[in-house]
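[1] Model the structure of this input:
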Amino acid sequence: MGLEQQLIEQLQILNPTHLEVINESAGHGGYFPGKESHFKVIIVSEAFAGLRLVQRHQKVYAAAKELLSPGKIHALAIHAYLPSEWQGEAPASPVCAHAPKV
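    Predicted coordinates for the structure are as follows:
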């Protein structure tokens with residue numbers, strides 16, 4: 001099972017009402033087909049009620065901790081919302097300075 005699917009499964013502990021896990025590895029240096037190293041997570045959950053942004057991120061990191069180690073996930077962009085905050089769209093990811101030139 002790939003890292004993307006493992007991450008999806010690990011984040012289920014937060015009971016998301018909306019979850020998107022996007023593999024953004026192709027936009028980063030050292031990419032080769034099949035590489036899984038950079039991900040963007042958009043997660044909406046009541047588990048974030050009463051938490052500041054940094055605490056929400058800590059909850060996501062805790063859920064994914066075994067995947068955040070050398071040789072696994074290198075970078076994780078997190079967009080964590082309460083259902084009442086979710087507007088159906090998260091910000092675009094910045095372009096990596098080391099992205100492959102096309």
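[2] How many neighbouring residues does residue 49 have?
    By other Cβ atoms under 10 Å, the residues close to residue 49 number 10. Quick note: C-beta positions are derived from backbone N, CA and C, even for glycine.
[3] helix or strand for the spatially most central residue of the chain, which one?
    Among the residues of the chain, the one closest to the centroid is residue 41, at 2.7 Å (Cα atoms, centre = their mean). Here residue 41 sits within strand 38-44, counting by DSSP states H and E.
[4] Distance check, residue 38 against residue 49.
    29 Å (Cβ to Cβ, to the nearest Å).
[5] repeat for residue 13
    Distance from residue 13 to residue 49, counting by Cβ to Cβ: 16 Å.
[6] Residue 9 too?
    From residue 9 to residue 49 the distance is 23 Å (Cβ to Cβ).
[7] Residue 58 now?
    Using Cβ to Cβ, residue 58 is found at 15 Å from residue 49.
[8] Can you give the distance from stretch 14-21 to the centre of its chain?
    Offset of stretch 14-21 from its chain centre (Cα atoms, centre = their mean, to the nearest Å): 10 Å.
[9] So what touches it?
    By Cβ atoms under 8 Å, 6 or more residues apart in numbering, the list of residues contacting stretch 14-21 from outside reads 4, 7-8, 11-12, 39-47, 59-60, 63, 83, 86, 90.
[10] which of those are buried?
    For the contacts of stretch 14-21, a neighbour count by 16 or more other Cβ atoms under 10 Å gives the buried set as 4, 7-8, 11, 39-45, 47, 59-60, 63, 86, 90.
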